[in-house]
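Enquirer: Quick check, what structure comes out for this input:
(2 chains)
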Amino acid sequence: MSDATEFAKPRASVFAGLRLTRTAIFAGGILLFWLVLALFGPWIAPHGEADIISTKTFAPIGEGGWLGTDKLGRDVFSRLIYGVRTTLLLALVTTVISFTFGVTLGFAAAILKGWFDIVVSRIVEAFMAFPSTLLALVVIGAFGTSITVLVLTVGLVLSTSVFRVSRALGYDIGVMDFVEAARARGEGTWWILTREILPNSMAPLIAEFGLRFTFSILFLSGLSFLGLGVQEPAADWGLMVQENVGGLFLGSSAALIPAACIASLTVSMNLLVDWFQQRQQGETVLEKIDQ
Amino acid sequence: MSDILTIKNLRVEGRPPGGTYVPIVKGVSLNVAKGEVLALIGESGSGKSTISLASMGFARPGCRISGGEIWLNGRDIMKLSPHDRHALRGNEVSYVAQSAAASFNPALRIGKQVIEAPLWHGAGDAATLTATAVDLYRKLDLPNPDTVGNKFPHQVSGGQLQRLMAAMAMSCGPDLLILDEPTTALDVTTQIEVLKAFKDIIRDQGTAAIYVTHDLAVVAQVADRILVLKNGEMVEEGPTAQILHDPQHEYTRTLMAAVRPAPHLVDHVDASAAQAPVISARNITAGYGALTILSDVSVDVPAASVVGVIGESGCGKSTLARVVAGLTPLREGEIKLDGKVAAPSVKDRPRDTLKDCQIVFQMADTALNPRQRIGDILGRPLEFYQGLKGRARLDKVGELLELVDLPRSFASRFPGELSGGQKQRINLARALAADPKVILCDEVTSALDTVVAAGVIDLLKTLKDKLGVAYMFISHDLSTVASFADEVVVLYAGRVVEKGPSKAVFSPPFHPYTKLLLSSVPEMRQGWLEGVADTGEAKAASAGSVVIGAKGCPFSNRCTHVISGTCDTVAPPLRVLSDGLEIACHLPTGELPDRGL
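Expert: Numbers count the residues shown, from 1 in each chain, chains lettered A, B, ... in the order given. The predicted model follows:
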């Protein structure tokens, strides 16, 4: 028969299929704006990230640069643009690391069960028992402040909650009939994990990725503020807050602007995750109506 | 005005998120008089639940009542404010849901939940309301009416919980009671006591009731009038006797025919039984953790034949299928597949052994990976067992789809785009892809509408004749098994109580439990319930509950023929009677119950 390969109708518009809400468009717009700045920052920024452009420190908005100058007389606007690169890139790398560890171990624990699950779960719980900032302080204090140590530490700290989410998902989906059917067929663990469980846990994992990404930005900014994160002269939003916090008393907005930027990034990401989750749940409500 | 409820030209719409509203109920009118029971029957998606909810002025999330009038006690409740409408619910109209277990809060005592609504409506103080509730428990024939309110929901049986749910609904003395499939989730032997209690209390209180169900035989027992629905429209309406005996509409007749298929009773098993059976399970004991579900179960499935396994929920039917498939490793005993001893765990079985024995699950929609296309779902076993790839695999997928009466174009669809019956056909096709000798069918039709289920059974028969595949057909539905199986095994509390050729099992002499089971299947005859609910067997059966792992005969606490001192201490062995019939009972052959169907 010739109709064996019938193609699904293409959607009228990609955006119609996404079912965007106003909040989602707003939050997505902000994220897109920062992403563009991160990609093309060096061509957009009027000055280099470490260039001292003015002898006047803590210059107000409009003097020196568009957004004033910081404690060394560097252009706040340029540093902000360079900072978005560092912030987003580091957050992305740490989240990816946390997912690599967390998802692999979480699903392995859910499928293998037994002693593997017990051992890994107890280790993860031990890690979670430490206040995460304190844990990072100790590790970075012991191994020194390099980007590698920073990224690995934050990735590890974040991976604990990713582990818990993936393990729960694995347990949930692992007992469903289609997984049982695959098991009865004689499929190996790898097939069951990659073909049966993983595709069905993508939606909650994507939402989790968004949340971890947000948390990662906050965590990294927090570490930078404590002086354990990105080091000068590189620009990072958390670091910028720390550098210029003294300017607050002089009426400078050099510390407030990067703080607001961090907020705009994390709040937008959260809103987008909310929209995504509601959309996923909306589909299940639809299925219920169909019944 | 004698009508409690009058619905005029009701229209309800539902909307998928981001989509537009589509009609669910398309202009249905009905009325219920005081003391009358109106049954709404129809298949899933016919709008029967939606209408019953609308009579409380309620629409599920994503739905809205878009037109029509709903008059309750002479007021159009759609014109009331949401607050006033809320005040009606529980007070003038109340609702009994399908799953009592899901409707009770497991953390609160039952009595507290029963009087919650009247307390909220300010009908009295806790002490007087509790006294009224105890009165209701007594009327609902609940054991220990004075103390049952102090129990937690998990401490009473499913049938009792469903009756307690009715007590909760009746606690405000409503004018209209809505029963949404209240016995569908119950076993047949439990269903009787619940139906009887519902019927009595409705008569006693003179309440008007709407009874929503898909089971015509149940309707015959409780309803005064029947309204048949299809796709949100009324098909036929009339007094119960007329609909049952003289249905006017074609659809009603189809529905009636699908309910009770003609029995297919075989008195001897084919000559093929002489060959090695495709499944030979010997003295199986299995369970989960500390719990032993199956004890000493032996079942043979001859090639190209159908062995029906019947029993109520919790009797170990599904565990038996899982043990045979190797998903739940057995503790004792031995399984031979096609003459070869099979390893207890699926992990240790070679692909050749796995191929011969396939399993199909009850829930058609959860058994298919929602993220895979049908072509991949069916293609995987072809690749896994037979190494088919590319074009050959694609062709074979098409053949499989045609084999289960589905168009080849379904290969590119996702499971979500299929109906329940179509999904179950895909599950069957996936099992067939392995080219098995036997398929374990675990309640494959239980979640389907009667008409759709009848289609699936027909398909199973055709496939058996065409391909020579054998089935272990597990079901709680006796009429389906009777219409289909060559041999029948009756399980009770994890033990075989009776087995043999289907004709021998479904005719006397019976094991007392088989007798109870057979007489509990509702008949499409008005007045059947009264006749059966008052028999000694039914009373004894409702007095006890299933005990798993009993020392003696597991059925001894519910049996009228119990020989004290013997039945409760010594487990009866399976005894061979004539015609290959085996019964596990201490009663001498002549004293086994014999009243027929």
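
Enquirer: Show me where the stretch 51-200 of chain B has its helices.
Expert: Using DSSP state H, counting those that start in this stretch, the helices of the stretch 51-200 of chain B run over residues B:82-88, B:100-103, B:110-114, B:116-120, B:126-139, B:158-170, B:188-205.

Enquirer: which parts of the second one are buried?
Expert: Applying a neighbour-count criterion of 16 or more other Cβ atoms under 10 Å in any protein chain shown, the buried positions in helix B:100-103 are B:100, B:103. Glycine gets a C-beta too; all of them are placed from N, C-alpha and C.

Enquirer: elements contacting that helix?
Expert: Counting contacts by 3 or more Cβ pairs under 8 Å, 6 or more residues apart in numbering or on different chains; DSSP states H and E, helix B:100-103 is packed against helix B:158-170.

Enquirer: and the helix it packs on, how far out from the chain's middle?
Expert: Per Cα atoms, centre = their mean, to the nearest Å, the displacement of helix B:158-170 from the mean C-alpha position of its chain is 19 Å.

Enquirer: who's in contact with it?
Expert: Under the contact criterion Cβ atoms under 8 Å, 6 or more residues apart in numbering or on different chains, helix B:158-170 has outside partners B:94-97, B:100-101, B:103-104, B:110, B:113-114, B:116-117, B:133, B:136-137, B:140-143, B:148, B:153, B:156, B:177, B:182-183, B:185-187, B:190-191, B:193-194, B:197-198, B:201, B:205, B:207, B:542.

Enquirer: okay, the angle between it and helix B:188-205?
Expert: 20 degrees (axes from the mean of the first three to the mean of the last three Cα atoms, to 10 degrees).

Enquirer: With only the CA atoms kept, save helix B:158-170 in CSV.
Expert: The C-alpha coordinates for helix B:158-170 follow below in CSV (Å, rounded to 0.1, in the frame of the first residue of the first chain):
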residue,chain,number,x,y,z
GLY,B,158,-14.3,-1.9,49.1
GLY,B,159,-18.0,-2.9,49.2
GLN,B,160,-18.4,-1.4,52.6
LEU,B,161,-16.6,1.7,51.7
GLN,B,162,-18.9,2.2,48.7
ARG,B,163,-21.9,1.8,51.0
LEU,B,164,-20.3,4.3,53.4
MET,B,165,-20.0,6.7,50.5
ALA,B,166,-23.7,6.3,50.0
ALA,B,167,-24.2,7.1,53.7
MET,B,168,-22.1,10.3,53.2
ALA,B,169,-24.3,11.3,50.2
MET,B,170,-27.5,10.6,52.1
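
Enquirer: now, of the helices of the stretch 51-200 of chain B, which is deepest in the fold?
Expert: Highest mean neighbour count among the helices of the stretch 51-200 of chain B (mean count of other Cβ atoms under 10 Å in any protein chain shown): helix B:158-170, with a mean of 26.

Enquirer: Can you give me every residue that contacts residue B:519?
Expert: Contacts of residue B:519 by Cβ under 8 Å, 6+ apart are B:532, B:535, B:537-538, B:595.

Enquirer: A helix includes it, no?
Expert: Yes - assignment of residue B:519 by DSSP: H, G, I helix; E, B strand; the rest coil places it within a helix.

Enquirer: do you know how far it is from residue B:546?
Expert: Distance of residue B:519 to residue B:546, computed by Cβ to Cβ, to the nearest Å: 18 Å.

Enquirer: Residue B:116 now?
Expert: Applying Cβ to Cβ, the value for residue B:116 to residue B:546 is 30 Å.

Enquirer: do the same with residue B:315
Expert: Look at residue B:315 and residue B:546: by Cβ to Cβ, they are 8 Å apart.

Enquirer: Next up, the contacts around residue B:282.
Expert: For residue B:282, the contact set (Cβ under 8 Å, 6+ apart) comprises B:298, B:333-336.

Enquirer: Surely it is in a strand?
Expert: Yes - checked against three-state DSSP, residue B:282 lies within a strand.

Enquirer: For residue B:122, give me phi and psi.
Expert: Reported as degrees, to the nearest 10, the phi and psi values for residue B:122 are phi 70, psi 40.
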